[in-house]
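**Q** All I have is the shape, not the residue letters:
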């Protein structure tokens, strides 16, 4: 282990040590699970993914593939002898096959455009894959031969771009059947739409898939079914705004999937479809919330499904009965389950908390006999862990009454009782919850190691507390939830846990909240605003999702009901802000485009002498902090820590110091001498 790994304090460079679990897959007869692990590669300044074999009997996990081609999407053959996966190890992205006992993989396909996801046919004679298909945007959805060379990007529908990808009207995503012997790929779907998810019925007769819509607005997704040869495609769901994660029951009689009920809402619940009756209905009570991206797995008797449940700040494992919708939580705790797979008698899952890194666990279908299976992040044991707790706070609501909300409080390691400086870390969404996994917001642990407290609230508007709680923030962005943040801060001050050294930080909606906060109060001594929504009206037309999310959030189209978008935009009030502000922005962010940060920065620079800086990361998407190149992630985390330490610890009459003054390494304790001391 390197000296870096022996340090007792969390540091920005720990990004290079953290191994995150991306996906899980199992076979009913195997005695191990296959785990996709992502590890930063500092030499290539990229993230490498590989597969690990994880025995279920407690033996040590073993790396199964090298990861040299960015191995992803593992799928077991029905007989359990072969694993198919997607990799670029032979130069282009293709499907490869490898024996479950290891050895060299062989390329199965030679597709023009790389496959994205895989499923085996139940007979094991072919694979189904989604893959990109090049199209000519000049044809506006009609068929035509794609033109070669760089062409103008014709825009004829919404959406026309996606964060992390960019312009998308020059390709479609379709479903292919791959012959296992020849590797020949036959396209099964065609049209101006994208296939988002798919599953083959266990009897091998039909495929369920979710696909985007056609026409002027194509962001919504519906559930469809068709025969395995691509014939007789039929739409099944009509009243679900966004269908995802279809999964057939073992008896091939039902399909369970996740979906939101209203356009623009991100909260999803489980649905059940009868493919023969062409009917769809909600599964279970309205309060059941499926964690975004969660897959479903059926019990062998087709009587219940297991999935990741978002409930009251945590992510749990739950089952819901098909017959009566009964919900049973089988795995809980102050942690987030972040991945799931199932076998007939065992459930395999990945979980993380504020005090434990992401690792793999197993349990029975009733949650019994939970066992830890991996130690991917062994270096974590050498760090001094923050003291953490899930707190409740009594805060004001919109009726001038009081309600109780939850929040994660992190305190420095040791037994010091404070008062501490405080970072208020605001989550995105706003229909989301405060993340717990280390790799998503490393700066929280770094600051705790340096004597800070960190508060991550789940105020009104957050998910996991029911539909009514989430939707009460519609048309009230910033106005209501900032008051709840302030009330929680005041409570911590009354308890003498924190003093008036308070900073605020957030990304996406959290960036909106941080920007709004510094225009409404002088409570915060410094602010870090990342990838924000600053101008709701312009975000409506420039974000890849703004044109349908904004009308939902603001209770109407901005051109019909403009008042909420204008009144609640931080930019309108930004000339009044006097808080030292750091802006962090990926230059290729299409969710909250660069202009949202630029408008804040220009206003701050022109309206006062307040310290302001903006850092732009070339090629960075909206998920730069969690998934960007390692050097940028380390830079990002370092800047957050240095900025809040530099400005929050200053006396109030010294806050307008020249922003071009070099960072004070003595104040921030991040100089080279300190680094060397830690390493020694």
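**A** Good, I have the coordinates. Owing to the predicted nature of the structure, the values given are computational and were not obtained by experimental measurement. Numbering: from 1, shown residues only.
**Q** Tally up the residues packed near the residue nearest to residue 629 when sequence neighbours are not counted, please.
**A** In space, and not counting its chain neighbours, residue 629 is closest to residue 45: 4.9 Å by CB to CB, 6 or more residues apart in numbering. The way it works is simple: take the backbone N, C-alpha and C, and place the C-beta from them, glycine included. When neighbours are counted by other CB atoms under 10 Å, residue 45 registers 12.
**Q** quick one: residue 45 from residue 557, how far?
**A** Look at residue 45 and residue 557: by CB to CB, to the nearest Å, they are 43 Å apart.
**Q** quick one, what contacts residue 250?
**A** Neighbouring residues of residue 250 by CB atoms under 8 Å, 6 or more residues apart in numbering: 202, 298, 300-302.
**Q** Quick check: chain neighbours aside, which residue is closest to it?
**A** In space, residue 250 is closest to residue 302, 5.0 Å off (CB to CB, 6+ apart).
**Q** Give me the pLDDT for the one you found.
**A** pLDDT, residue 302: 97.
**Q** Ok, the one 3 residues further on next?
**A** With respect to pLDDT, residue 305 has a value of 98.
**Q** what about it, is that helix, strand or coil?
**A** Classification of residue 305 by DSSP: H, G, I helix; E, B strand; the rest coil places it in strand.
**Q** That one: how many residues sit nearby?
**A** Applying other CB under 10 Å, we find 24 residues neighbouring residue 305.
**Q** likewise residue 157?
**A** 17.
**Q** Pretty sure it sits against residue 168.
**A** No - Residue 157 is not in contact with residue 168 according to CB atoms under 8 Å; the separation is 10.1 Å.
**Q** picking that back up, check for me that the residue nearest to residue 250 belongs to a strand.
**A** No - counting by three-state DSSP, residue 302 falls outside a strand, being coil.
**Q** wait, it sits on residue 272?
**A** No - with contacts counted by CB under 8 Å, residue 302 stays clear of residue 272, the gap being 11.2 Å.
**Q** hey, what's in contact with both of those two?
**A** 254, 322.
**Q** Counting neighbours, go ahead and name the busier of these two.
**A** residue 272 (19 against 16).
**Q** Tell me how far the more buried one lies from residue 389.
**A** For residue 272, the distance to residue 389 - CB to CB - is 38 Å.
**Q** What is the three-state secondary structure of residue 551?
**A** Criterion first, three-state DSSP; result for residue 551: helix.
**Q** What number of residues are in the vicinity of the spatially closest residue to it that is not a sequence neighbour?
**A** Nearest residue to residue 551 in three dimensions, chain neighbours excluded: residue 557, at 5.0 Å (CB to CB, 6+ apart). Neighbouring residues of residue 557 were enumerated by other CB under 10 Å; the total is 14.
**Q** Residue 183 now?
**A** Residues near residue 183, counting by other CB under 10 Å, number 17.
**Q** how far is stretch 213-233 from where the chain is centred?
**A** Mean C-alpha position of stretch 213-233 versus that of the full chain (CA atoms, centre = their mean, to the nearest Å) differs by 25 Å.
**Q** what's the span of it from first residue to last?
**A** 14 Å (CA to CA, to the nearest Å).
**Q** just stretch 491-506 next, same as before
**A** OK, stretch 491-506 end separation, CA to CA: 21 Å.
**Q** same check, this time on stretch 621-628
**A** 8 Å.
**Q** Show me where the stretch 1-150 of the chain has its helices.
**A** Ranges of helices within the stretch 1-150 of the chain are 3-6, based on DSSP state H, counting those that start in this stretch.
**Q** The residue nearest to residue 551 and residue 548 touch, don't they?
**A** No - Residue 557 is not in contact with residue 548 according to CB under 8 Å; the separation is 10.0 Å.
**Q** Domains of the protein: list them as residue ranges, please.
**A** 293-376, 383-534+569-679 (automatic domain parsing).
**Q** Go through the ones you listed and find the least confident stretch.
**A** Per-stretch mean pLDDT for these is lowest at domain 383-534+569-679 (a mean of 91).
**Q** Pull the distance from that one to the chain's centre.
**A** 18 Å.
**Q** before we move on, what about stretch 145-152?
**A** Put simply, stretch 145-152 sits 33 Å off its chain's centre (CA atoms, centre = their mean).
**Q** which residues touch that stretch?
**A** Identification of contacts with stretch 145-152 by CB under 8 Å, 6+ apart yields 134-138, 170.
**Q** same check, this time on stretch 612-628
**A** Here stretch 612-628 makes contact (CB under 8 Å, 6+ apart) with 47, 163-164, 439-441, 507-508, 530-531, 580-592, 594, 597-598, 601, 604-605, 629, 632-633, 635-637, 639, 643, 659.
**Q** Swap in 6 Å and give it another go.
**A** 163-164, 440, 531, 581-589, 591, 601, 604-605, 632, 636 (CB atoms under 6 Å, 6 or more residues apart in numbering).
**Q** Give the buried residues for it.
**A** Within stretch 612-628, the residues scored as buried using 16 or more other CB atoms under 10 Å are 612-615, 617, 620-628.
**Q** would you turn these into JSON lines with secondary structure and distance to residue 485?
**A** Listed next are the buried residues of stretch 612-628 as JSON lines, based on DSSP: H, G, I helix; E, B strand; the rest coil; distance: CB to CB, whole Å:
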{"residue": "612", "secondary structure": "strand", "distance to residue 485": "22"}
{"residue": "613", "secondary structure": "strand", "distance to residue 485": "24"}
{"residue": "614", "secondary structure": "strand", "distance to residue 485": "24"}
{"residue": "615", "secondary structure": "strand", "distance to residue 485": "25"}
{"residue": "617", "secondary structure": "strand", "distance to residue 485": "27"}
{"residue": "620", "secondary structure": "coil", "distance to residue 485": "27"}
{"residue": "621", "secondary structure": "coil", "distance to residue 485": "27"}
{"residue": "622", "secondary structure": "coil", "distance to residue 485": "23"}
{"residue": "623", "secondary structure": "coil", "distance to residue 485": "24"}
{"residue": "624", "secondary structure": "helix", "distance to residue 485": "24"}
{"residue": "625", "secondary structure": "helix", "distance to residue 485": "21"}
{"residue": "626", "secondary structure": "helix", "distance to residue 485": "23"}
{"residue": "627", "secondary structure": "helix", "distance to residue 485": "27"}
{"residue": "628", "secondary structure": "coil", "distance to residue 485": "27"}
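**Q** Determine which two of those are furthest apart.
**A** The span of those, defined through CB to CB, is set by 612 and 627 at 27.0 Å.
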